[in-house]
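>>> Coordinates only, no sequence provided:
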């Protein structure tokens, strides 16, 4: 753990206090909007504060199923993770694919496992690595990378804490995605309902203006939209604002099935 961790008032913060503060911050994201990049960047830095690691980074899978570097505790860490993705090998990619924690206490023993990644990690000054899955109920959305400058595995307590960080961050991200998807569905529904109101208004205008019943009016609007490759709601708006008059609507469409 970093020895210079401080509170907002500049006072020293113990490891336990820092862990509690991290979980409080993570919990806050469950009830409020948050910036995913900022959240995970802070998590990466906090790993340095409370765990026996020198660098941390997180990768998340995108909509195309590809891992992307989302947060790193340093530029050195970011570049190493980018290389890991380019090389298609390394602890984080293996952890994501398998869904299992990866613990490798000596990168000098990784020539066969990660022949391209290990030399680059050693060159950056790292000698041991742990990768923990960001997973909830069988769904893995990424992985947390933890690097040490000395050989050896993390203590069990540190591994439990790190996995807990990853788990709570995963819950926050998945909840955020679910909320965003729910909002998108609501927006689509509201748009559909609003469009229907506009279409009904245009139907009434055409029916009254051209002496048609509502079914005939609707078929005329639909036929015009289809023949001109327009959205029905856009045609309705044009009728309402007066830019699409009777002379532009095909009077023969009332005899055709839509």
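Noted; the coordinates are in hand. Given the structure is predicted, the values throughout are model-derived calculations rather than measurements.
>>> how deep is residue 136 tucked in, by neighbour count?
Neighbour count for residue 136, taken as other C-beta atoms under 10 Å: 15. Placement of C-beta: from N, CA and C, glycine included.
>>> give me the beta-bridge partners of it?
residue 139 (DSSP bridges).
>>> avg pLDDT for the host helix or strand of residue 43?
With elements taken from DSSP states H and E, the one containing residue 43 is helix 36-50. For helix 36-50, the mean per-residue pLDDT is 79.
>>> So which elements touch it?
helix 15-28, strand 55-61, strand 67-72, strand 139-148, helix 156-210 (3 or more C-beta pairs under 8 Å, 6 or more residues apart in numbering; DSSP states H and E).
>>> Mind listing residues that contact the shortest one?
Right, strand 67-72. 36-37, 40-41, 43-44, 55-62, 78, 81-82, 85, 92-93, 96, 142-143 (C-beta atoms under 8 Å, 6 or more residues apart in numbering).
>>> Go ahead and build a ChimeraX selection from the buried members of the residues you listed.
Here is the ChimeraX command that selects the buried residues among those (16 or more other C-beta atoms under 10 Å):
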select :36,40,41,43,44,55,56,57,58,59,60,61,78,81,85,92,93,96,142,143
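>>> that older thread, next, the angle strand 139-148 makes with the helix holding residue 43.
Relative orientation of helix 36-50 versus strand 139-148 (axes from the mean of the first three to the mean of the last three C-alpha atoms, to 10 degrees): 40 degrees.
>>> what about the stretch 51-200 of the chain, any weak spots by pLDDT?
Confidence mapping of the stretch 51-200 of the chain against pLDDT under 70 gives the ranges 110-111, 178-185, 189.
>>> Average pLDDT for the helix or strand that contains residue 234, rounded please.
Using DSSP H and E, the element containing residue 234 is helix 232-241. The average pLDDT for helix 232-241 rounds to 90.
>>> For it, buried residues please.
Buried residues in helix 232-241 (16+ other C-beta under 10 Å): 232, 233, 235, 236, 237, 238, 239.
>>> Does anything pack onto it? Which helices or strands?
helix 156-210, helix 214-227.
>>> could you dump those to TSV with distance to residue 135 and mean neighbour count?
Below are the helices and strands packed on helix 232-241 laid out as TSV (distance: least, C-beta to C-beta, whole Å; neighbours: other C-beta atoms under 10 Å):
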stretch	distance to residue 135	mean neighbour count
helix 156-210	6	15
helix 214-227	47	18
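>>> Tabulate these (a markdown table), appending distance to residue 245.
Listed next are those as a markdown table, based on distance: least, C-beta to C-beta, whole Å:
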| stretch | distance to residue 245 |
| --- | --- |
| helix 156-210 | 8 |
| helix 214-227 | 12 |
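>>> And the ones you listed: which comes nearest residue 108?
helix 156-210 (21.4 Å; C-beta to C-beta).
>>> Packing partners of the closest one?
Using 3+ C-beta pairs under 8 Å, 6+ apart: helix 156-210 touches helix 15-28, helix 36-50, strand 128-136, strand 139-148, helix 214-227, helix 232-241.
>>> so which of those comes closest to residue 100?
Of the helices and strands packed on helix 156-210, the one closest to residue 100 (C-beta to C-beta) turns out to be strand 128-136, at 6.8 Å.
>>> Okay, buried residues for that closest one please.
Here strand 128-136 shows 128, 129, 130, 131, 132, 133, 134, 135 as buried, counting by 16+ other C-beta under 10 Å.
>>> Report the spatially nearest residue to the third one, omitting neighbours in sequence.
In this case it means residue 130. Nearest residue to residue 130, sequence neighbours excluded (C-beta to C-beta, 6 or more residues apart in numbering): residue 146, at 4.4 Å.
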